[in-house]
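J.: The sequence and its predicted three-dimensional model are supplied below.
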Amino acid sequence: MDLVLIEGLEVRTVIGIYDWEREIRQTVRLDLEMAWDISKAGKTDNIEDTLDYKSVSKRLIDFVEASEFGLIESLAEHCAQIIRDEFSVPWLRLKMSKPGAVRGSENVAVLIERGSKPT
């Protein structure tokens, strides 16, 4: 199984359950592993033969910036669904982080896997 990775994609959005969080934009960070057979692109050197990580990133940035979720769990689930539905990714692992959400911690995050992991 080949993987296409997007690491450390930071986006500012409205996220959180507290009133003060609904009035500001906070940073969320996405780390993605997406199953994709890259062998054809490796031979042809053609963007049409691979998963275009720039297109995936742009779609996620647009969605996350426009969203206003209470929980990172909900945001992560919606992002995973977009990737699977719009880019035909059969399996992905998504880590959704909210840096600084808990005083004294560097980060809080959820890690989800969706789809069937190819072998």
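T.: Now that the structure is in, tell me what you want to look at. Numbering: from 1, shown residues only.

J.: alpha carbons only for contacts and neighbour counts from here, please
T.: Will do.

J.: Count residues in the vicinity of S105, would you?
T.: S105: 9 surrounding residues under other Cα atoms under 10 Å.

J.: Number the residues from 19 up from this point.
T.: Okay, residue one is now 19; in that scheme the one you just asked about reads as S123.

J.: Could you check the pLDDT of it?
T.: The model reports S123 with a pLDDT of 87.

J.: Downstream of the longest strand along the chain, the next helix or strand is which one?
T.: Longest strand in the chain, counting residues (DSSP state E): strand 21-33. Following strand 21-33 in sequence order, the next helix or strand is strand 44-53 (DSSP states H and E).

J.: Determine how far that next one lies from the middle of the whole chain.
T.: 4 Å (Cα atoms, centre = their mean, to the nearest Å).

J.: try stretch 87-103
T.: 8 Å.

J.: List the buried residues for the longest strand of the chain?
T.: V22, I24, E28, V29, R30, T31, V32, I33 (16 or more other Cα atoms under 10 Å).

J.: Quickly name whichever of those is closest to K58.
T.: Closest approach between the buried residues of strand 21-33 and K58, by Cα to Cα: V22, at 13.8 Å.

J.: hmm, back to that, and of the buried residues of strand 21-33, the nearest to K61?
T.: Nearest member of these to K61, counting by Cα to Cα, is V22, at 16.3 Å.
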